[in-house]
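[1] 3D, please:
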Amino acid sequence: MYADDTNLTYSGSDTNTIQFHLKEDLENINEWLISNKLTLNMTKTEYMLIGSRQRLSTLSDNPSFEINGIPLDRVSTTKSLGVLLDENLTWSSPINKMTKRIASGIGAIKRLRSFVSLETLHVIYQALIQPHFDYCNVVWGNCGKTLSNKLQKLQNRATRVLTFSNFDADANSLLEKLGMLLAFIMVPLIQKELDIFREKVWNTHRIRAQKDTLLPDGVPEHIYNFPEQYNLKECGFAVTEEQLQEAATESGVLQVPHDFLTEEFRAECVRLIPDNDTINPDEWTNAYLYLKEKCILSM
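    Residues are numbered from 1 along each chain as shown. Purely as a prediction, here's the structure:
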């Protein structure tokens, strides 16, 4: 719940189960509204089934929901706190909307750049373009490579406009010069080490055929290409040791047994662990985590 926006969610293996539980919840909500002499805007009240395209295509009938005798319409897209969501959670809807607004902002900067200073252009950029990258980026930031490339191209265009560069100028050097770090690049870094929404976003349970792979199953590989291409220091994004330590502590990443360590690095950690008489017995089974913590906090 946020201000006057309310979302009611339920997860189930079939529509009958979802319909049964949500009907009961909707009845309770209606009773609460009546008891508190409140009314619900039925023109903005709707429901959406979320699932894969294959799963949703197998549904024969739409579940029916109503509040106070008024039926609710099923929609394929809806807006939650300004973010467009579709029934497949592909993030194409919000990003397509963002690209149109960002392109419009870049056009405005291009028309103004001959009349104002570079500092003023930066202010305009922060006002017209950057908020679109920042708003709710922890929600849509793990979008696929195709969608993220759309944002990358717009960011490249913006840097060339701000610096009066040719259309084929190297965008990486311009990003470094301007000290910009794309929101959708920064988000995966946050999600990798500081996942504040749930214990594990991506599946890390490996099957036998995956035992030699570096990346946990289900993590898009392009996410891990960005930190090497735009490391935090080069892009002017200052991170202090205290912030790193706080992020590690809050996320619990130092205690996660199935993390992003390679098998070679993990074996080296075990080899370099101090003698077992310097470690409590209950810590010995997680010796490499002990070393990992000491190494990270001493960086």
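[2] avg pLDDT for stretch 30-39?
    The average pLDDT within stretch 30-39 is 84.
[3] pLDDT below threshold where in the stretch 1-150 of the chain?
    The stretch 1-150 of the chain contains residues with pLDDT under 70 at 1-4, 142.
[4] which residue ranges of it form strands?
    With DSSP state E, counting those that start in this stretch as the criterion, the stretch 1-150 of the chain has strands at 46-47, 66-67, 70-71, 73-74, 77-80, 83-86.
[5] kindly reformat those as CSV containing mean neighbour count and distance to Ile129.
    In short, each C-beta sits where N, CA and C put it, glycine included. Shown next, in CSV, are the strands of the stretch 1-150 of the chain (neighbours: other CB atoms under 10 Å; distance: least, CB to CB, whole Å):
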stretch, mean neighbour count, distance to Ile129
strand 46-47, 14, 31
strand 66-67, 14, 40
strand 70-71, 10, 41
strand 73-74, 13, 35
strand 77-80, 14, 21
strand 83-86, 18, 18
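[6] possible to save the ones you listed as CSV with distance to Leu40?
    Shown next, in CSV, are those (distance: least, CB to CB, whole Å):
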stretch, distance to Leu40
strand 46-47, 12
strand 66-67, 6
strand 70-71, 9
strand 73-74, 14
strand 77-80, 16
strand 83-86, 20
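[7] nearest to Thr120, out of these?
    Closest approach to Thr120 among the strands of the stretch 1-150 of the chain is made by strand 83-86 (30.2 Å; CB to CB).
[8] so Phe133 touches Lys150, yeah?
    No. Checked against CB atoms under 8 Å, the pair Phe133 and Lys150 is beyond contact range at 12.0 Å.
[9] okay, these two: which has more neighbours?
    Phe133 (21 against 17; other CB atoms under 10 Å).
[10] how far away is that one from Ala158?
    Look at Phe133 and Ala158: by CB to CB, to the nearest Å, they are 10 Å apart.
[11] got it, and Leu128?
    Distance from Leu128 to Ala158, counting by CB to CB: 10 Å.
[12] pull up the overlap in contacts between the two.
    Ile109 (CB atoms under 8 Å, 6 or more residues apart in numbering).
[13] next, count neighbours for Asp134.
    So Asp134, with other CB under 10 Å, has 13 neighbours.
[14] hang on, I meant Thr163
    So Thr163, with other CB under 10 Å, has 16 neighbours.
[15] do the same with Ile95
    22.
[16] contacting residues for the nearest residue to Val75 once chain neighbours are set aside?
    Counting by CB to CB, 6 or more residues apart in numbering, Val75 lies nearest to Glu46, which is 4.9 Å off, once chain neighbours are set aside. Neighbour list for Glu46: Leu72, Asp73, Arg74, Val75, Thr78 [criterion: CB under 8 Å, 6+ apart].
[17] apply 6 Å and report the result again.
    Leu72, Asp73, Val75 (CB atoms under 6 Å, 6 or more residues apart in numbering).
[18] that one and Glu87, how far apart?
    12 Å.
[19] out of Leu128 and Ala158, which sits in the busier spot?
    Using other CB under 10 Å as the criterion, Leu128 and Ala158 rank with Ala158 on top: 25 against 18.
[20] show me the domain layout of the chain.
    15-86, 92-169, 173-298 (the TED database).
[21] count the residues that sit near Asn7.
    Other residues near Asn7 come to 10 when the count uses other CB under 10 Å.
[22] any idea how far the residue nearest to it when sequence neighbours are not counted is from Thr9?
    Nearest non-adjacent residue to Asn7, counting by CB to CB, 6+ apart: Ser80, 6.1 Å away. Applying CB to CB, the value for Ser80 to Thr9 is 10 Å.
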